[in-house]
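sequence plus predicted model, see below.
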Amino acid sequence: MSTRLYVGNLSYATTEATLSDLFQTVGEVVSVSIVTDRMTGQSRGFGFVEMADYQAAQNAINQLNGRMVDGRSIRVAEARPQEAREPRGERRRERRRY
């Protein structure tokens, strides 16, 4: 079963190909995604790498956490599940109450 990793403190110049090549050195990579700003398209400085199995993910955490990539010391950890969020319209209606 694949394991998703959080990769933080990325340089804005870091690409998905760079991360894929780096993580391939410790195990099989299933997917790589860098989170970008919707308006500008610029990297938000973090992303996710999905490793093929749990052991490969643990090896990546142990070997790559703190590694220098594009001039920045990256942070690698197991990704937490995404929290459920309210629909955007619901939050706005609540704020407008007088």
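Received the coordinates, thanks.

ok, longest helix in this protein?
Longest helix in the chain by number of residues, with DSSP state H as the criterion: helix 54-64.

mind giving me the packing neighbours of that one?
strand 3-8, helix 16-24, strand 43-51, strand 75-78 (3 or more Cβ pairs under 8 Å, 6 or more residues apart in numbering; DSSP states H and E). To be clear about C-beta, it is placed using only N, CA and C from the backbone, and glycine gets the same treatment.

please name the nearest non-neighbouring residue to residue 5.
Spatial nearest neighbour of residue 5, chain neighbours left out: residue 49 (4.8 Å); criterion: Cβ to Cβ, 6 or more residues apart in numbering.

which helix or strand in this protein has the lowest average pLDDT?
helix 88-95 (a mean of 60; mean pLDDT, DSSP states H and E).

coming back round to it: any idea which of the helices and strands packed on helix 54-64 gets closest to residue 84?
Closest to residue 84 of those is strand 3-8 (Cβ to Cβ; 17.2 Å).

CA atoms only for the closest one, dumped as CSV, please.
Provided in CSV are the C-alpha atoms of strand 3-8 (Å, rounded to 0.1, in the frame of the first residue of the first chain):
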residue,chain,number,x,y,z
THR,A,3,2.3,6.0,1.7
ARG,A,4,1.9,9.8,1.2
LEU,A,5,4.7,12.1,2.4
TYR,A,6,4.6,15.8,3.1
VAL,A,7,7.6,17.7,1.8
GLY,A,8,8.0,21.3,3.2
